[in-house]
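Engineer: next one to model:
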Amino acid sequence: SFLKTPQVRAGLVASAITFFFMGVQAVLLSPYLQLVAGWPPMQLGLMALAIGIPTFIFSLGIPKFMPNANPRRVIQIGYIVMAAAFIPMGLSLHGSEVSPLMWLGLAVAGAGAGIVSSHTNNIVALAVNERDASQSGGIQTTMRNVGQAIGVAAIGAVLLFGITVNIDNAMADNPTITPEVRAAVAERNITLMGDAQFEATIADIPMDDAEKAELVKLNSDARIQSTITAYVVSAVIILLGLLTTRWITIFRKDEEGGAPSEPLPAGEQPFEPVVDREM
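Structural biologist: Numbering: from 1, shown residues only. Prediction:
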């Protein structure tokens, strides 16, 4: 029933996407803020709070104060809010610094995650019989782990590949960089790093000060471009979740545990939960 029920699949996708952002946070946001912007551990802890507090408020507040909210609309709004959070994040990047817009992006992302989380469990539980609903926690947890793993692997690959490609292309198009220096830099392992670490990585390559300063600038630009690309890819992956929301058709059970509160699309069978009348 977990794999064959469309609404369950939509709920599992919602679970995965919520934790997909956690993977993005682990591989992209935290390393960038620590390695590039130089945020200390205390500030990184505040970053986690900036995401976690809105998540907590919305995930508990929506069911409490909006009990009759349409779950399909709630999930759709949550996806859009999560994706929109990457706009201020991208606009906050300036060289090795991060503007206060980053805090806004973090808070918006946390709000979006909380909005999605507020109904994820319900749309899974309402789509299957009571026995299967009571056993759905395991597969939801598994999908959360899958989503987080995808976030780490996919966005990490986009980020690192983008840095390498962007700096190689920038050196090829820049007449200041000699072919010898270009070849030497291409052999180095250039990852997400700050300007000081990049200078240390290329310190033993023979070049003049002007060429070194140009390389530092090219790396900074490549780093920002690849990070923004990773943001865009993350937003697109989250928005793809909107395609699954059409499967969310069962909003609540009536008092007898019978038909769904809204009609199902043509071709789909109505939900008839299994209820033990003796209990």
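
Engineer: CA atoms for contacts and neighbours, from now on please.
Structural biologist: OK.

Engineer: for stretch 154-164, which positions count as buried?
Structural biologist: Judged by neighbour count using 16 or more other Cα atoms under 10 Å, the buried positions of stretch 154-164 are 154-156, 158-160, 162-164.

Engineer: buried ones in stretch 182-190, by neighbour count?
Structural biologist: Along stretch 182-190, the positions that meet the burial threshold by neighbour count (16+ other Cα under 10 Å) are 182, 185, 190.

Engineer: now stretch 235-247
Structural biologist: Of the residues in stretch 235-247, those scored as buried under the neighbour-count criterion (16+ other Cα under 10 Å) are 235, 237-239, 241-242, 244-245, 247.

Engineer: same thing with stretch 126-133?
Structural biologist: Going by 16+ other Cα under 10 Å, stretch 126-133 has these buried residues: 126-130, 132-133.

Engineer: before we move on, back to that, so which of the buried residues of stretch 154-164 are in helices?
Structural biologist: Applying DSSP state H to the buried residues of stretch 154-164, the entries found in helices are 156, 158-160, 162-164.

Engineer: make a markdown table out of those and add pLDDT and distance to residue 53.
Structural biologist: A markdown table is the format used below for those (pLDDT from 0 to 100; distance: Cα to Cα, whole Å):
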| residue | pLDDT | distance to residue 53 |
| --- | --- | --- |
| 156 | 93 | 26 |
| 158 | 95 | 29 |
| 159 | 94 | 27 |
| 160 | 91 | 30 |
| 162 | 94 | 32 |
| 163 | 93 | 32 |
| 164 | 91 | 36 |
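
Engineer: could I get those residues as CSV with distance to residue 196?
Structural biologist: Shown next, in CSV, are those (distance: Cα to Cα, whole Å):
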residue, distance to residue 196
156, 22
158, 23
159, 19
160, 18
162, 20
163, 16
164, 18
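
Engineer: now do the strands in the stretch 51-200 of the chain.
Structural biologist: Under the criterion DSSP state E, counting those that start in this stretch, the stretch 51-200 of the chain contains strands at 93-94, 97-98.

Engineer: do you know which of the ones you listed lies nearest residue 50?
Structural biologist: strand 97-98 (15.3 Å; Cα to Cα).

Engineer: from the buried residues of stretch 126-133, which one has the minimum pLDDT?
Structural biologist: Sorting those by pLDDT puts residue 133 at the bottom of the list (68).

Engineer: any idea which of the ones in helices among the buried residues of stretch 154-164 is closest to residue 64?
Structural biologist: Using Cα to Cα as the measure, the one of those that approaches residue 64 most closely is residue 156, at 36.8 Å.

Engineer: which residue packs closest to the closest one, ignoring adjacent ones?
Structural biologist: Counting by Cα to Cα, 6 or more residues apart in numbering, residue 156 lies nearest to residue 27, which is 5.9 Å off, once chain neighbours are set aside.

Engineer: can you give me the helices for the stretch 151-279 of the chain?
Structural biologist: Defined through DSSP state H, counting those that start in this stretch, the helices belonging to the stretch 151-279 of the chain, from first to last, are 156-173, 179-186, 195-201, 209-240.

Engineer: what's the third one packed up against?
Structural biologist: Spelled out, that is helix 195-201. Identification of packing neighbours for helix 195-201 by 3 or more Cα pairs under 8 Å, 6 or more residues apart in numbering; DSSP states H and E yields helix 209-240.
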